[in-house]
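K.L.:
Give me the fold of what follows.
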Amino acid sequence: MSQEQQVFGWESVIGQNQLTDNLQNALKFNKISHAYMIQGEKLSGKRMIADIFARALQCESEGERPCNQCRSCKQAMNGNHPDIIYVEHDKPNVISVDNIRTQINGDIAIKPYSGPHKIYIMDEAEKMNKAAQNALLKTIEEPPHYAIIFLLTTNAAGFLPTILSRCVTLELKPISADIIRKELMEHHNMPDYQADVCAQFAQGNLGKAIKLASSEEFNEMKSHMTSLMRRMEKMDVFGISQAVKELEEYKPKIGDYLDLMNIWFRDVLLYKATGDERKITFQDEKMIIKRQASECSYHGLNTIIQAENTARRRIACNGNYNLAVELMLLSIKENIA
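P.N.:
The predicted structure is shown next:
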(Lines give C-alpha, C1' and ligand atoms only; values in the text may rest on other atoms or scores of the structure.)
Protein backbone atom coordinates (compact mmCIF):
# COMPACT_ATOMS: atom_id res chain seq x y z
CA MET A 1 0.00 0.00 0.00
CA SER A 2 1.48 3.33 -1.04
CA GLN A 3 1.58 6.37 1.16
CA GLU A 4 -0.53 8.09 -1.46
CA GLN A 5 -3.32 5.52 -1.07
CA GLN A 6 -3.12 5.61 2.72
CA VAL A 7 -3.75 9.27 3.35
CA PHE A 8 -4.77 11.16 0.21
CA GLY A 9 -8.24 12.69 -0.14
CA TRP A 10 -9.64 15.51 -2.27
CA GLU A 11 -7.73 18.11 -0.26
CA SER A 12 -4.47 16.52 -1.38
CA VAL A 13 -5.10 17.16 -5.08
CA ILE A 14 -3.10 20.35 -5.59
CA GLY A 15 -3.92 22.94 -8.24
CA GLN A 16 -6.82 21.08 -9.91
CA ASN A 17 -9.77 22.74 -8.17
CA GLN A 18 -12.12 22.83 -11.15
CA LEU A 19 -11.62 19.14 -11.87
CA THR A 20 -12.09 18.01 -8.27
CA ASP A 21 -15.12 20.30 -7.85
CA ASN A 22 -16.72 18.65 -10.89
CA LEU A 23 -16.14 15.17 -9.49
CA GLN A 24 -17.40 16.09 -6.03
CA ASN A 25 -20.53 17.63 -7.55
CA ALA A 26 -21.08 14.46 -9.56
CA LEU A 27 -21.01 12.55 -6.26
CA LYS A 28 -23.26 15.03 -4.50
CA PHE A 29 -25.95 15.05 -7.18
CA ASN A 30 -25.45 11.41 -8.25
CA LYS A 31 -24.55 12.38 -11.81
CA ILE A 32 -22.06 9.59 -12.43
CA SER A 33 -20.91 8.65 -15.92
CA HIS A 34 -20.11 5.10 -16.98
CA ALA A 35 -16.80 6.15 -18.56
CA TYR A 36 -14.20 8.76 -17.67
CA MET A 37 -11.00 9.68 -19.48
CA ILE A 38 -8.41 11.48 -17.35
CA GLN A 39 -5.69 13.10 -19.44
CA GLY A 40 -2.42 14.47 -18.11
CA GLU A 41 1.33 14.13 -18.27
CA LYS A 42 3.15 11.27 -16.63
CA LEU A 43 3.35 11.86 -12.85
CA SER A 44 0.67 14.57 -13.03
CA GLY A 45 -1.68 12.75 -10.63
CA LYS A 46 -4.12 10.89 -12.91
CA ARG A 47 -3.94 7.66 -10.91
CA MET A 48 -4.30 9.49 -7.59
CA ILE A 49 -7.47 11.25 -8.77
CA ALA A 50 -8.94 8.02 -10.14
CA ASP A 51 -8.14 6.25 -6.85
CA ILE A 52 -9.79 8.97 -4.75
CA PHE A 53 -12.90 9.09 -6.95
CA ALA A 54 -13.19 5.28 -6.98
CA ARG A 55 -12.86 5.22 -3.20
CA ALA A 56 -15.52 7.93 -2.89
CA LEU A 57 -17.90 6.04 -5.20
CA GLN A 58 -17.64 2.92 -3.04
CA CYS A 59 -17.56 4.74 0.32
CA GLU A 60 -20.18 3.66 2.88
CA SER A 61 -20.29 7.03 4.68
CA GLU A 62 -23.40 9.20 4.69
CA GLY A 63 -21.21 12.31 4.94
CA GLU A 64 -18.17 13.47 3.01
CA ARG A 65 -16.75 10.88 0.67
CA PRO A 66 -14.28 9.26 0.75
CA CYS A 67 -14.29 9.06 4.53
CA ASN A 68 -11.12 6.89 4.61
CA GLN A 69 -12.55 5.18 7.71
CA CYS A 70 -15.24 2.75 6.55
CA ARG A 71 -14.59 -0.86 5.59
CA SER A 72 -14.82 -0.07 1.87
CA CYS A 73 -12.34 2.82 2.05
CA LYS A 74 -9.89 0.72 4.04
CA GLN A 75 -10.15 -2.09 1.50
CA ALA A 76 -9.49 0.39 -1.31
CA MET A 77 -6.53 1.95 0.49
CA ASN A 78 -5.07 -1.53 1.06
CA GLY A 79 -5.46 -2.29 -2.64
CA ASN A 80 -7.79 -5.26 -2.10
CA HIS A 81 -11.27 -3.88 -2.78
CA PRO A 82 -13.04 -6.61 -4.76
CA ASP A 83 -14.96 -4.08 -6.87
CA ILE A 84 -12.08 -1.80 -7.85
CA ILE A 85 -10.13 -3.56 -10.59
CA TYR A 86 -6.85 -2.33 -12.07
CA VAL A 87 -6.44 -3.42 -15.68
CA GLU A 88 -2.95 -4.79 -16.36
CA HIS A 89 -1.07 -5.68 -19.52
CA ASP A 90 1.75 -8.17 -20.00
CA LYS A 91 3.43 -6.41 -22.94
CA PRO A 92 5.08 -3.11 -21.91
CA ASN A 93 4.02 -1.10 -24.97
CA VAL A 94 0.67 -2.60 -25.92
CA ILE A 95 -2.69 -3.23 -24.27
CA SER A 96 -4.11 -6.01 -26.42
CA VAL A 97 -7.61 -7.13 -27.26
CA ASP A 98 -7.03 -10.19 -25.07
CA ASN A 99 -6.30 -7.92 -22.08
CA ILE A 100 -9.62 -6.13 -22.62
CA ARG A 101 -11.65 -9.29 -23.20
CA THR A 102 -10.17 -11.10 -20.20
CA GLN A 103 -10.08 -8.34 -17.62
CA ILE A 104 -13.07 -6.18 -18.58
CA ASN A 105 -15.48 -7.70 -21.10
CA GLY A 106 -15.34 -11.17 -19.57
CA ASP A 107 -15.72 -9.87 -16.02
CA ILE A 108 -18.08 -6.92 -16.19
CA ALA A 109 -21.28 -9.01 -16.32
CA ILE A 110 -20.52 -10.31 -12.81
CA LYS A 111 -22.28 -8.01 -10.36
CA PRO A 112 -20.33 -6.16 -7.66
CA TYR A 113 -19.37 -8.26 -4.65
CA SER A 114 -19.92 -5.63 -1.97
CA GLY A 115 -20.03 -2.09 -3.33
CA PRO A 116 -22.65 -0.20 -5.35
CA HIS A 117 -20.31 -0.02 -8.35
CA LYS A 118 -17.84 -2.15 -10.22
CA ILE A 119 -14.93 0.09 -11.20
CA TYR A 120 -12.17 -0.56 -13.74
CA ILE A 121 -9.07 1.65 -13.81
CA MET A 122 -6.78 1.40 -16.84
CA ASP A 123 -3.51 3.33 -16.69
CA GLU A 124 -1.57 4.05 -19.90
CA ALA A 125 -4.80 3.52 -21.80
CA GLU A 126 -3.28 5.13 -24.91
CA LYS A 127 -1.40 1.84 -25.35
CA MET A 128 -4.59 0.06 -26.44
CA ASN A 129 -4.28 -1.00 -30.06
CA LYS A 130 -7.21 -0.51 -32.43
CA ALA A 131 -8.61 -4.00 -31.84
CA ALA A 132 -8.51 -3.45 -28.07
CA GLN A 133 -10.28 -0.10 -28.42
CA ASN A 134 -12.99 -1.65 -30.57
CA ALA A 135 -13.47 -4.43 -28.02
CA LEU A 136 -13.77 -1.89 -25.20
CA LEU A 137 -16.16 0.25 -27.25
CA LYS A 138 -18.77 -2.50 -27.24
CA THR A 139 -18.73 -2.50 -23.44
CA ILE A 140 -18.76 1.29 -23.09
CA GLU A 141 -21.73 1.53 -25.46
CA GLU A 142 -23.93 -0.75 -23.33
CA PRO A 143 -22.41 -1.07 -19.86
CA PRO A 144 -24.23 -2.61 -16.88
CA HIS A 145 -25.76 0.09 -14.66
CA TYR A 146 -23.19 -0.54 -11.93
CA ALA A 147 -20.06 -0.36 -14.14
CA ILE A 148 -17.65 2.58 -14.31
CA ILE A 149 -14.48 2.62 -16.43
CA PHE A 150 -11.57 5.04 -15.97
CA LEU A 151 -9.13 5.48 -18.84
CA LEU A 152 -5.95 7.27 -17.75
CA THR A 153 -3.88 8.66 -20.59
CA THR A 154 -1.15 11.06 -21.63
CA ASN A 155 -2.72 11.45 -25.09
CA ALA A 156 -6.47 11.53 -25.61
CA ALA A 157 -5.94 12.19 -29.32
CA GLY A 158 -4.85 8.57 -29.77
CA PHE A 159 -8.33 7.15 -29.16
CA LEU A 160 -11.12 6.31 -31.56
CA PRO A 161 -13.63 9.19 -31.83
CA THR A 162 -16.38 6.77 -30.83
CA ILE A 163 -14.63 6.10 -27.50
CA LEU A 164 -13.97 9.79 -26.87
CA SER A 165 -17.62 10.64 -27.50
CA ARG A 166 -18.74 8.19 -24.79
CA CYS A 167 -16.31 9.38 -22.10
CA VAL A 168 -16.39 12.35 -19.79
CA THR A 169 -12.94 13.81 -20.44
CA LEU A 170 -11.09 15.42 -17.54
CA GLU A 171 -7.84 17.20 -18.32
CA LEU A 172 -5.24 17.99 -15.68
CA LYS A 173 -4.04 21.56 -16.06
CA PRO A 174 -0.45 22.76 -15.51
CA ILE A 175 0.05 24.02 -11.96
CA SER A 176 1.70 27.39 -11.40
CA ALA A 177 5.37 27.38 -10.43
CA ASP A 178 4.50 29.36 -7.28
CA ILE A 179 2.10 26.66 -6.06
CA ILE A 180 4.63 23.90 -6.81
CA ARG A 181 7.39 25.84 -5.08
CA LYS A 182 5.24 26.31 -1.97
CA GLU A 183 4.31 22.63 -1.91
CA LEU A 184 7.95 21.53 -2.18
CA MET A 185 9.08 23.86 0.58
CA GLU A 186 6.21 23.22 3.02
CA HIS A 187 5.65 19.50 2.57
CA HIS A 188 8.94 18.16 1.20
CA ASN A 189 11.40 20.18 3.30
CA MET A 190 13.15 21.64 0.27
CA PRO A 191 15.17 24.86 0.51
CA ASP A 192 13.81 27.74 -1.55
CA TYR A 193 16.65 27.88 -4.11
CA GLN A 194 16.25 24.16 -4.90
CA ALA A 195 12.44 24.39 -4.98
CA ASP A 196 12.71 27.22 -7.53
CA VAL A 197 14.69 25.09 -9.97
CA CYS A 198 12.47 22.01 -9.60
CA ALA A 199 9.29 24.10 -9.95
CA GLN A 200 10.48 25.79 -13.15
CA PHE A 201 11.85 22.58 -14.65
CA ALA A 202 8.69 20.58 -13.94
CA GLN A 203 6.65 22.96 -16.13
CA GLY A 204 3.43 22.67 -14.17
CA ASN A 205 3.73 19.01 -13.18
CA LEU A 206 3.82 18.67 -9.38
CA GLY A 207 4.53 14.94 -9.43
CA LYS A 208 7.52 15.50 -11.67
CA ALA A 209 8.79 18.24 -9.36
CA ILE A 210 8.51 15.97 -6.31
CA LYS A 211 10.41 13.22 -8.13
CA LEU A 212 13.13 15.66 -9.19
CA ALA A 213 13.52 16.84 -5.61
CA SER A 214 14.90 13.45 -4.57
CA SER A 215 16.70 12.61 -7.81
CA GLU A 216 20.48 12.43 -7.45
CA GLU A 217 20.76 12.16 -11.23
CA PHE A 218 18.86 15.43 -11.71
CA ASN A 219 20.89 17.25 -9.05
CA GLU A 220 24.13 16.04 -10.62
CA MET A 221 22.95 17.18 -14.05
CA LYS A 222 22.01 20.60 -12.66
CA SER A 223 25.41 20.91 -10.99
CA HIS A 224 27.19 20.07 -14.23
CA MET A 225 25.11 22.55 -16.24
CA THR A 226 25.75 25.41 -13.80
CA SER A 227 29.45 24.54 -13.75
CA LEU A 228 29.51 24.63 -17.55
CA MET A 229 27.81 28.03 -17.60
CA ARG A 230 30.38 29.40 -15.13
CA ARG A 231 33.23 28.15 -17.32
CA MET A 232 31.83 29.30 -20.67
CA GLU A 233 33.09 32.88 -20.52
CA LYS A 234 36.76 31.87 -20.30
CA MET A 235 36.57 28.69 -22.35
CA ASP A 236 38.89 28.34 -25.37
CA VAL A 237 38.52 25.98 -28.33
CA PHE A 238 40.11 23.12 -26.38
CA GLY A 239 37.71 23.76 -23.51
CA ILE A 240 34.77 23.59 -25.92
CA SER A 241 36.05 20.25 -27.19
CA GLN A 242 36.33 18.94 -23.63
CA ALA A 243 32.81 20.14 -22.82
CA VAL A 244 31.45 18.28 -25.85
CA LYS A 245 33.04 15.08 -24.52
CA GLU A 246 31.55 15.72 -21.08
CA LEU A 247 28.09 16.14 -22.59
CA GLU A 248 28.30 12.73 -24.25
CA GLU A 249 27.43 11.35 -20.80
CA TYR A 250 24.11 13.21 -20.92
CA LYS A 251 23.11 12.08 -24.40
CA PRO A 252 20.16 9.94 -23.17
CA LYS A 253 18.87 12.93 -21.15
CA ILE A 254 20.01 15.79 -23.38
CA GLY A 255 16.46 17.15 -23.62
CA ASP A 256 16.41 17.63 -19.84
CA TYR A 257 19.90 19.16 -19.93
CA LEU A 258 18.82 21.68 -22.56
CA ASP A 259 15.70 22.48 -20.52
CA LEU A 260 17.97 23.41 -17.61
CA MET A 261 20.03 25.62 -19.91
CA ASN A 262 16.85 27.31 -21.08
CA ILE A 263 15.96 28.12 -17.48
CA TRP A 264 19.46 29.56 -16.99
CA PHE A 265 19.21 31.90 -19.97
CA ARG A 266 15.65 32.77 -19.04
CA ASP A 267 17.14 34.00 -15.76
CA VAL A 268 19.74 36.05 -17.65
CA LEU A 269 17.07 37.56 -19.91
CA LEU A 270 14.64 38.29 -17.05
CA TYR A 271 17.29 40.01 -14.97
CA LYS A 272 18.49 42.01 -17.96
CA ALA A 273 14.91 43.15 -18.66
CA THR A 274 13.80 43.84 -15.07
CA GLY A 275 16.88 44.19 -12.87
CA ASP A 276 14.96 42.18 -10.26
CA GLU A 277 17.16 39.45 -8.80
CA ARG A 278 14.13 37.92 -7.05
CA LYS A 279 13.02 36.61 -10.44
CA ILE A 280 16.19 34.53 -10.80
CA THR A 281 15.58 30.79 -10.46
CA PHE A 282 19.23 29.84 -9.90
CA GLN A 283 19.57 32.01 -6.81
CA ASP A 284 22.85 30.38 -5.77
CA GLU A 285 24.34 31.47 -9.11
CA LYS A 286 22.84 34.95 -9.25
CA MET A 287 26.14 36.85 -9.29
CA ILE A 288 27.22 35.07 -12.49
CA ILE A 289 23.76 35.45 -14.03
CA LYS A 290 23.76 39.19 -13.25
CA ARG A 291 27.19 39.60 -14.84
CA GLN A 292 26.14 37.70 -17.96
CA ALA A 293 23.01 39.85 -18.17
CA SER A 294 25.12 43.00 -18.16
CA GLU A 295 27.58 41.72 -20.76
CA CYS A 296 25.21 39.94 -23.17
CA SER A 297 22.96 41.87 -25.58
CA TYR A 298 19.32 41.02 -26.22
CA HIS A 299 20.35 39.97 -29.73
CA GLY A 300 23.03 37.72 -28.25
CA LEU A 301 20.56 36.08 -25.87
CA ASN A 302 18.14 35.48 -28.72
CA THR A 303 20.95 33.91 -30.75
CA ILE A 304 21.82 31.59 -27.83
CA ILE A 305 18.20 30.48 -27.41
CA GLN A 306 17.92 29.84 -31.16
CA ALA A 307 21.17 27.82 -31.03
CA GLU A 308 19.76 25.66 -28.21
CA ASN A 309 16.56 25.03 -30.18
CA THR A 310 18.54 24.19 -33.31
CA ALA A 311 20.69 21.70 -31.36
CA ARG A 312 17.53 20.11 -29.95
CA ARG A 313 16.03 19.69 -33.43
CA ARG A 314 19.24 18.26 -34.91
CA ILE A 315 19.56 15.71 -32.12
CA ALA A 316 15.87 14.76 -32.36
CA CYS A 317 16.36 14.11 -36.09
CA ASN A 318 19.29 11.78 -35.32
CA GLY A 319 21.84 14.29 -36.53
CA ASN A 320 25.48 14.20 -35.43
CA TYR A 321 25.18 14.62 -31.65
CA ASN A 322 28.67 15.96 -30.96
CA LEU A 323 28.52 18.40 -33.86
CA ALA A 324 25.11 19.72 -32.75
CA VAL A 325 26.38 20.22 -29.19
CA GLU A 326 29.65 21.82 -30.35
CA LEU A 327 27.88 24.36 -32.58
CA MET A 328 25.54 25.27 -29.72
CA LEU A 329 28.42 25.77 -27.26
CA LEU A 330 30.34 27.87 -29.77
CA SER A 331 27.29 30.10 -30.20
CA ILE A 332 26.94 30.47 -26.42
CA LYS A 333 30.64 31.28 -26.07
CA GLU A 334 30.49 33.84 -28.86
CA ASN A 335 27.49 35.68 -27.43
CA ILE A 336 27.91 35.35 -23.68
CA ALA A 337 30.90 37.66 -23.30
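K.L.:
Show me the domain layout of this structure.
P.N.:
According to automatic domain parsing, the chain comprises the domains 3-171, 215-336.
K.L.:
in the protein, which strand has the most residues?
P.N.:
Longest strand of the chain, by residue count under DSSP state E: strand 147-153.
K.L.:
Save the domains of the chain as a markdown table, and put in distance to residue 192, mean neighbour count and mean pLDDT too.
P.N.:
(Glycine included, C-beta is placed from N, CA and C.) Shown next, in a markdown table, are the domains of the chain (distance: least, Cβ to Cβ, whole Å; neighbours: other Cβ atoms under 10 Å; pLDDT from 0 to 100):
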| stretch | distance to residue 192 | mean neighbour count | mean pLDDT |
| --- | --- | --- | --- |
| domain 3-171 | 18 | 17 | 94 |
| domain 215-336 | 7 | 16 | 95 |
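K.L.:
Show me the one of those domains that comes nearest residue 181.
P.N.:
domain 215-336 (9.9 Å; Cβ to Cβ).
K.L.:
Direction included, what does the longest strand of the chain pair against?
P.N.:
strand 35-39 (parallel), strand 118-122 (parallel) (DSSP bridges).
K.L.:
thinking again about what came up before, so for residue 178, which of the domains of the chain sits nearest?
P.N.:
Closest to residue 178 of those is domain 3-171 (Cβ to Cβ; 10.1 Å).
K.L.:
who's in contact with stretch 242-255?
P.N.:
217, 221, 224, 228, 231, 235, 257, 312, 315, 321-322, 325-326, 329 (Cβ atoms under 8 Å, 6 or more residues apart in numbering).
K.L.:
try 10 Å
P.N.:
Residues outside stretch 242-255 that contact it (Cβ atoms under 10 Å, 6 or more residues apart in numbering): 217-218, 220-221, 224-225, 227-228, 231-232, 235-236, 256-260, 311-312, 315-316, 321-330, 332-333.
K.L.:
list the helices and strands the helix or strand hosting residue 335 packs on?
P.N.:
Residue 335 is part of helix 321-336 when elements are defined by DSSP states H and E. Using 3 or more Cβ pairs under 10 Å, 6 or more residues apart in numbering; DSSP states H and E as the contact test, the elements touching helix 321-336 are helix 216-232, helix 237-247, helix 254-274, helix 286-295, helix 298-316.
K.L.:
do that again at 6 Å, thanks
P.N.:
Secondary-structure packing of helix 321-336 (3 or more Cβ pairs under 6 Å, 6 or more residues apart in numbering; DSSP states H and E): helix 216-232, helix 237-247, helix 298-316.
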